[in-house]
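Engineer: Predicted structure and sequence below. I'll ask about it afterward.
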Amino acid sequence: METVDRRTVLASGALTLAGVATTTSSARAQSGKPIFDVPAVTIPIAGEKDVFPVRRIYCIGRNYAAHAIERGSDPTREPPFFFQKPTDAIQYVGIGEVADHPYPSLTRNYHHEVELVAALRSGGTNISPEKALDHVYGYALGLDMTRRDLQNGMAAEKR
């Protein structure tokens with residue numbers, strides 16, 4: 001009797017359930033074409049013709065003590081936390097321009113916060129504080145829009 005590990009059974013069962021999709025996916029994988037196009041997100045660089053590619057947006061929450069207290073947290077007991085936003089959250093507005101920003105239809109409590117944005121030129125691990133600025137390309141000003149009703153609801157559920 002042939003022994004099959006659980007991972008193989010789960011994978012083969014999932015492939016069987018997927019049926020036609022596995023054939024299509026494997027055919028596309030062989031052709032090297034992506035399943036769908038994901039446009040590159042870039043923002044202009046002030047004073048240059050080049051653009052800066054945005055691949056990831058990392059955010060830090062609860063990093064400002066006064067705001068943490070305002071939101072009901074104790075900054076001495078609850079450390080800052082990290083999360084990501086999708087690159088399609090960027091709405092570039094040029095210097096001296098005005099743009100419309102769609103108000104989310106399902107919210108009644110929409111807040112803005114001005115943020116310092118650091119554009120990184122390189123990543124790394126265990127970077128010393130003395131070397132941290134070597135990894136920064138430049139800075140920008142950001143406007144972070146938050147649906148407080150959604151955020152408060154998640155906080156009430158401890159999520």
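Structural biologist: Sure thing, it's come through.

Engineer: was I right about residue 124 contacting residue 135?
Structural biologist: Yes: between residue 124 and residue 135 there is a contact under CB atoms under 8 Å: 6.4 Å. Heads up, the C-betas are built off the backbone N, CA and C, glycines and all.

Engineer: Those two - which one has more neighbours?
Structural biologist: More crowded of residue 124 and residue 135, by other CB atoms under 10 Å: residue 135, with 13 against 10.

Engineer: Who's the closest spatial neighbour of that one, skipping the chain neighbours?
Structural biologist: Leaving aside its sequence neighbours, residue 135 sits nearest to residue 122 (CB to CB, 6 or more residues apart in numbering; 5.0 Å).

Engineer: Check what pLDDT the one you found gets.
Structural biologist: Looking at residue 122, its pLDDT stands at 93.

Engineer: Okay, and the beta partners of the most centrally placed residue in the chain?
Structural biologist: Here the mean C-alpha position of the chain is nearest to the C-alpha of residue 85 (CA atoms, centre = their mean), at a distance of 2.3 Å. Here residue 85 shows beta-bridge partners residue 57, assigned using DSSP bridges.

Engineer: how close does it sit to residue 76?
Structural biologist: Distance of residue 85 to residue 76, given as CB to CB, to the nearest Å: 27 Å.

Engineer: Same question for residue 135.
Structural biologist: To residue 76, residue 135 is 29 Å away according to CB to CB.

Engineer: now residue 118
Structural biologist: On the measure of CB to CB, residue 118 and residue 76 end up 25 Å apart.

Engineer: Who has more neighbours out of these two?
Structural biologist: Comparing residue 118 with residue 76 by neighbour count (other CB under 10 Å), the higher total belongs to residue 118, at 15 against 9.

Engineer: Using CSV, write out the CA atom coordinates for the strand or helix carrying that one.
Structural biologist: Take DSSP states H and E as the rule and residue 118 turns out to sit in strand 110-120. Output of strand 110-120 as CSV, limited to C-alpha atoms (Å, rounded to 0.1, in the frame of the first residue of the first chain):
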residue,chain,number,x,y,z
TYR,A,110,-14.5,60.1,8.1
HIS,A,111,-11.3,61.6,9.6
HIS,A,112,-8.0,62.9,8.1
GLU,A,113,-4.5,62.9,9.5
VAL,A,114,-1.5,64.6,8.0
GLU,A,115,1.4,62.1,7.9
LEU,A,116,5.1,62.2,7.2
VAL,A,117,5.9,59.8,4.4
ALA,A,118,9.4,58.3,4.2
ALA,A,119,10.2,56.9,0.8
LEU,A,120,12.8,54.1,1.2
